[in-house]
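Undergrad: pasting the structure only:
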């Protein structure tokens, strides 16, 4: 799994844990619905650190908490 896919999985996981939709996440984080849909849908394969930080702020978690998940432990090599 590549980083973009892992970020998408993690966002969906956190939404499920918090009982919110992707739309609600956009509202509370200030990230546009289209940006979130592109990340989760795989169109955006490299979300910015700034976007991830906004998502974390909306969920009231740190970036360390965001990335401290099993989905990030065995990522594929990005440089080929």
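TA: Yes, it's here. Being a predicted model, the structure only gives us computed values, none of them experimental.
Undergrad: relative to residue 79, how far out is residue 20?
TA: In this view, residue 20 and residue 79 are 35 Å apart by CB to CB, to the nearest Å. Every C-beta, even on glycine, is put in place using the N, C-alpha and C of the backbone.
Undergrad: which one of these two has more residues nearby?
TA: residue 20 (16 against 3; other CB atoms under 10 Å).
Undergrad: can you tell me the element the closest residue to residue 31 other than its chain neighbours falls in?
TA: What sits nearest to residue 31 in space, not counting adjacent residues and going by CB to CB, 6 or more residues apart in numbering, is residue 54, at 5.1 Å. Here residue 54, judged by DSSP states H and E, is contained in helix 49-59.
Undergrad: which residues are contacting the next helix-or-strand element following that helix?
TA: Going down the chain from helix 49-59, the next helix or strand is helix 63-67, by DSSP H and E. Residues external to helix 63-67 that are found in contact with it (CB atoms under 8 Å, 6 or more residues apart in numbering): 10, 14, 49, 52-53, 55-56, 59.
Undergrad: compare those and tell me which is most surrounded.
TA: residue 55 (27 neighbours).
Undergrad: count the neighbours of the nearest residue to that one once chain neighbours are set aside for me.
TA: Counting by CB to CB, 6+ apart, residue 55 lies nearest to residue 29, which is 5.0 Å off, once chain neighbours are set aside. Neighbour count of residue 29, defined by other CB under 10 Å: 19.
Undergrad: for residue 28, same thing?
TA: Residue 28 is flanked by 15 other residues according to other CB under 10 Å.
Undergrad: so it touches residue 56, yeah?
TA: No - at 11.2 Å, residue 28 and residue 56 do not qualify as touching, with contact defined as CB atoms under 8 Å.
Undergrad: residues contacting the residue nearest to residue 55?
TA: The neighbourhood of residue 29, defined by CB under 8 Å, 6+ apart, consists of 54-55, 57-59.
Undergrad: rewinding a little: packing partners for the helix holding residue 54?
TA: Helices and strands in packing contact with helix 49-59 are listed as helix 3-18, helix 22-29, helix 63-67; criterion 3 or more CB pairs under 8 Å, 6 or more residues apart in numbering; DSSP states H and E.
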